[in-house]
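Enquirer: Build me a structure from this.
(one chain, ligands or ions: 1)
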Amino acid sequence: MTTPFVNIHTHAETGAGIELVNIDDISATPCATFASAGLHPWNVGKCDHQKTLDAIETLCQSGTLAAVGEIGIDRAISTDISLQTSVLEQQLDIAKRHHLPVIIHCVRAYSDFLQIIRQKPCVPMIFHGFSGNETTASQLLTHGAKLSFGHKLLSDSKLQSVYANVPNDCIFLETDTKQLDISDIYTFAAGLKRISVDELKAIIFNNLTQIFGNRWTTVG
Ligand SMILES: [Zn+2]
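Expert: Prediction:
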């Protein structure tokens with residue numbers, strides 16, 4: 001087998017390698033075989049929380065999900081932070097009950113997360129679209145978090161140097177909502193690490209199996 005590309009966070013399946021597809025409408029039957037679902041902070045306050053959390057729990061019970069997410073805290077929106085935190089913590093508990101990793105959406109809220117991670121041991125956390133600085137990265141990594149980089153890596157020179165210093169066993173790449181080829185992000189990211197695309201593929205595929213075991217093998 002040639003090592004596949006891994007896109008750890010996307011909202012649309014493209015068939016390019018292994019894709020962890022985020023299910024945005026959890027009331028619909030997820031069609032992706034390697035899927036994540038969660039109550040996004042943007043939707044907190046717009047729905048019946050308990051009903052949505054129950055639906056996520058049901059999807060976890062049925063083995064439909066490989067991860068809970070994206071979930072998190074977003075300080076750029078007006079939704080009450082204590083409400084966002086409470087919904088997040090309930091979803092971390094769901095993930096813990098089902099031994100699933102989580103995909104984290106975090107905007108201007110890294111200190112909130114550091115507090116949460118310090119307070120209680122948690123499931124593996126992948127911070128998607130990571131855009132924090134060197135200090136934030138090293139604090140999160142100390143607590144076992146993984147960092148996923150997407151389109152911002154292509155143009156943000158500060159983020160490029162943060163990424164270059166993140167240990168290889170802690171990185172993932174993603175397209176999120178952008179219409180980008182995951183292979184283009186790999187090519188760019190391999191250049192920043194001064195390694196070949198094949199080496200980067202091997203590294204990230206290994207990171208995938210460390211967290212997801214062989215769940216991804218149901219793909220295709
Ligand atoms: Zn997303």
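
Enquirer: any idea how far residue 163 lies from residue 173?
Expert: Using Cβ to Cβ, to the nearest Å, residue 163 is found at 10 Å from residue 173. (Glycine included, C-beta is placed from N, CA and C.)

Enquirer: got any residues that touch both of the two?
Expert: Common contacts of residue 163 and residue 173 (Cβ atoms under 8 Å, 6 or more residues apart in numbering): 149, 189.

Enquirer: May I see the buried residues of the helix or strand bottoming out on mean pLDDT in the chain?
Expert: Taking mean pLDDT, DSSP states H and E as the measure, the chain has helix 110-119 as its least confident helix or strand, at a mean of 90. Within helix 110-119, the residues that count as buried by 16 or more other Cβ atoms under 10 Å are 110, 112-114, 116-117.

Enquirer: hmm, who's touching it?
Expert: Helix 110-119 has contacts (Cβ under 8 Å, 6+ apart) with 72-73, 75, 81, 85, 88-89, 92, 104, 106, 122, 125, 127, 132, 136, 139-140, 143-145.

Enquirer: Note down every partner strand of the helix or strand following it and its orientation.
Expert: Next in sequence after helix 110-119, counting helices and strands by DSSP states H and E, comes strand 125-127. For strand 125-127, the pairing partners within the sheet under DSSP bridges are strand 102-107 (parallel), strand 146-149 (parallel).

Enquirer: What ranges in this structure fall below the confidence cut-off?
Expert: Scanning the chain for pLDDT under 70 picks out 1, 29-31, 218-220.

Enquirer: residue boundaries of the strands in it?
Expert: Secondary structure of the chain by DSSP state E: the strands cover 6-10, 18-22, 35-37, 67-74, 102-107, 125-127, 146-149, 171-173.

Enquirer: between these, which gets nearest to residue 49?
Expert: With respect to residue 49, and counting by Cβ to Cβ, the nearest of those is strand 67-74 at 12.0 Å.

Enquirer: circling back to that earlier point, got CSV for the buried residues of helix 110-119, with distance to residue 54 too?
Expert: What follows is the buried residues of helix 110-119, written out as CSV (distance: Cβ to Cβ, whole Å):
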residue, distance to residue 54
110, 30
112, 25
113, 25
114, 29
116, 22
117, 26
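
Enquirer: Residue 193: which of those residues is nearest?
Expert: Among those, residue 110 lies closest to residue 193 (Cβ to Cβ), at 23.1 Å.

Enquirer: At which residues are the helices of the protein located?
Expert: Listed in chain order, the helices of the chain (DSSP state H) span 49-61, 81-97, 110-119, 134-142, 157-165, 182-193, 197-212.

Enquirer: Distance to residue 68 for these - can I get that in JSON lines?
Expert: As requested, the helices of the chain are arranged in JSON lines below (distance: least, Cβ to Cβ, whole Å):
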{"stretch": "helix 49-61", "distance to residue 68": "7"}
{"stretch": "helix 81-97", "distance to residue 68": "4"}
{"stretch": "helix 110-119", "distance to residue 68": "14"}
{"stretch": "helix 134-142", "distance to residue 68": "18"}
{"stretch": "helix 157-165", "distance to residue 68": "25"}
{"stretch": "helix 182-193", "distance to residue 68": "22"}
{"stretch": "helix 197-212", "distance to residue 68": "13"}
